[in-house]
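Asks: Sharing a model that was predicted from the sequence below.
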Amino acid sequence: MSKQPIGIFDSGVGGTSIWRELKLLLPHENTLYLADSKNAPYGEKTKDEIVALSKKNIDLLLSKDSKLIVVACNTATTNAIAILRDSYSIPIIGIEPAIKPAALQTKTKAIGILATKGTLSSRLFHDTSDLYTNGIKVIEQVGEGLVQLIESGKINSEEMSSLLKVYIEPMLDANIDYLVLGCTHYPYLMPQLLEILPKHIKIIDSGEAVAKQTLSVLKQNQILNSSKQQPKFQFFSNGDLEVLTSLVGEKHSIEYLDF
Ligand code: DGL
């Protein structure tokens, strides 16, 4: 079983930022990645729709022999993870905005969070936020339009920079010292964000934490791949392959699949 792949899915190409972290920490694991780009953005959908899409993705990953699932999408995690864990018997790892580390480390007592509407309106996000941000000002901002621009390959566009400036401004006014990226697409916006944000503001995401959690669950379940062979990375998308290819590189197997 340990040689079976880790199954990863996202509403599109963003979860490849998590795949990168997994690859760094778990260099011998085979991976299968599903980019459900046809249905992006999940952030604008209802909870029921997000649950149904997540199940569709997991069913496909299981049919391809995944040994563990990584939900590389904050929106799917915050809306569906409990239902998914109830519905499947294999381990499922989720990703949530890194509110806790930001809240514990802020000196200005103000943090910003950029995420999708689906994540920011979820119960799970609010429960976590309430738990850790007592006495801290949390500036929540929906990143409307950002996922669509990334999905259409417009990461470095003028449109992207203008949107980001508008979204960040209220956070600067509130004197944040931490910006939490609560969507797996957003780490790809790092170059623009670094240009817009003053140097003292730290940007954090949950990618590394997800990789660490995956390692620990693989060990616990004794399904860590002990083979030292070159791993196989397979990507499937039901949308445009060009953007996905530009993000993960041409040397991997990237296929169109209607799912
Ligand atoms: N990458 C997804 C996330 O982390 C984007 C969700 C969307 O498609 O709106 O939330």
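Replies: Here it is on my side, so go on.
Asks: near the ligand, which residues of the stretch 51-200 of the chain show up?
Replies: 73-75, 116, 119, 147, 183-185 (CB under 6 Å from any ligand atom). C-beta coordinates here come from the backbone N, C-alpha and C atoms, glycine included.
Asks: which residues touch the spatially most central residue of the chain?
Replies: The chain has residue 184 as the residue nearest its centroid, 2.8 Å off, counting by CA atoms, centre = their mean. Applying CB atoms under 8 Å, 6 or more residues apart in numbering, we find residue 184 in contact with 10, 14-15, 17-18, 72-74, 95, 205, 207.
Asks: try 6 Å
Replies: 10, 14-15, 17-18, 72-73 (CB atoms under 6 Å, 6 or more residues apart in numbering).
Asks: on that earlier part again, can you say which of the residues of the stretch 51-200 of the chain next to the ligand are buried?
Replies: 73-75, 116, 119, 147, 183-185 (16 or more other CB atoms under 10 Å).
Asks: Do you know the pLDDT at residue 142?
Replies: For residue 142, the pLDDT comes out at 98.
Asks: you'd agree it is up against residue 118?
Replies: No: judged on CB atoms under 6 Å, residue 142 makes no contact with residue 118 at a distance of 9.2 Å.
Asks: Go through the contacts of residue 184 and flag which are in strands.
Replies: If you go by DSSP state E, the contacts of residue 184 have residue 10 in strands.
Asks: Same list (the contacts of residue 184) but as a markdown table, adding pLDDT.
Replies: What follows is these, written out as a markdown table (pLDDT from 0 to 100):
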| residue | pLDDT |
| --- | --- |
| 10 | 98 |
| 14 | 98 |
| 15 | 98 |
| 17 | 98 |
| 18 | 98 |
| 72 | 98 |
| 73 | 98 |
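Asks: picking up where we left off before, which one of the residues of the stretch 51-200 of the chain next to the ligand is nearest residue 198?
Replies: For those, the closest approach to residue 198 (CB to CB) belongs to residue 183, at 22.1 Å.
Asks: Am I right that the closest one is in contact with residue 75?
Replies: No: the criterion here is CB under 6 Å, and residue 183 misses it with residue 75 at 7.2 Å.
Asks: shared neighbours of those two, which are they?
Replies: Joint contacts of residue 183 and residue 75 (CB under 6 Å, 6+ apart) are residue 116.
Asks: quick one on the thing from earlier: now the two most distant members of the contacts of residue 184.
Replies: 17 and 73 (10.8 Å).
Asks: what's the model's confidence in the host helix or strand of residue 190, averaged?
Replies: Per DSSP states H and E: residue 190 is located in helix 190-196. Mean pLDDT, helix 190-196: 96.
Asks: Could you list the buried residues of that helix?
Replies: Buried residues in helix 190-196 (16+ other CB under 10 Å): 192-193, 196.
Asks: So residue 109 sits against residue 139, correct?
Replies: No: applying CB under 6 Å, one finds residue 109 not in contact with residue 139, separated by 11.8 Å.
Asks: ok, those two, which is more surrounded?
Replies: residue 139 (19 against 14; other CB atoms under 10 Å).
Asks: Redo the buried ones among the residues of the stretch 51-200 of the chain next to the ligand as CSV? Include secondary structure.
Replies: Shown next, in CSV, are these (DSSP: H, G, I helix; E, B strand; the rest coil):
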residue, secondary structure
73, coil
74, helix
75, helix
116, coil
119, helix
147, helix
183, coil
184, coil
185, coil
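Asks: helix/strand/coil for residue 203?
Replies: strand.
Asks: Do I have it right that it meets residue 178?
Replies: No: applying CB under 6 Å as the test, residue 203 and residue 178 come out as separate, 7.9 Å apart.
Asks: Between the two, tell me which one has more neighbours.
Replies: Legend: neighbour count by other CB under 10 Å for residue 203 and residue 178, higher for residue 178 (24 against 18).
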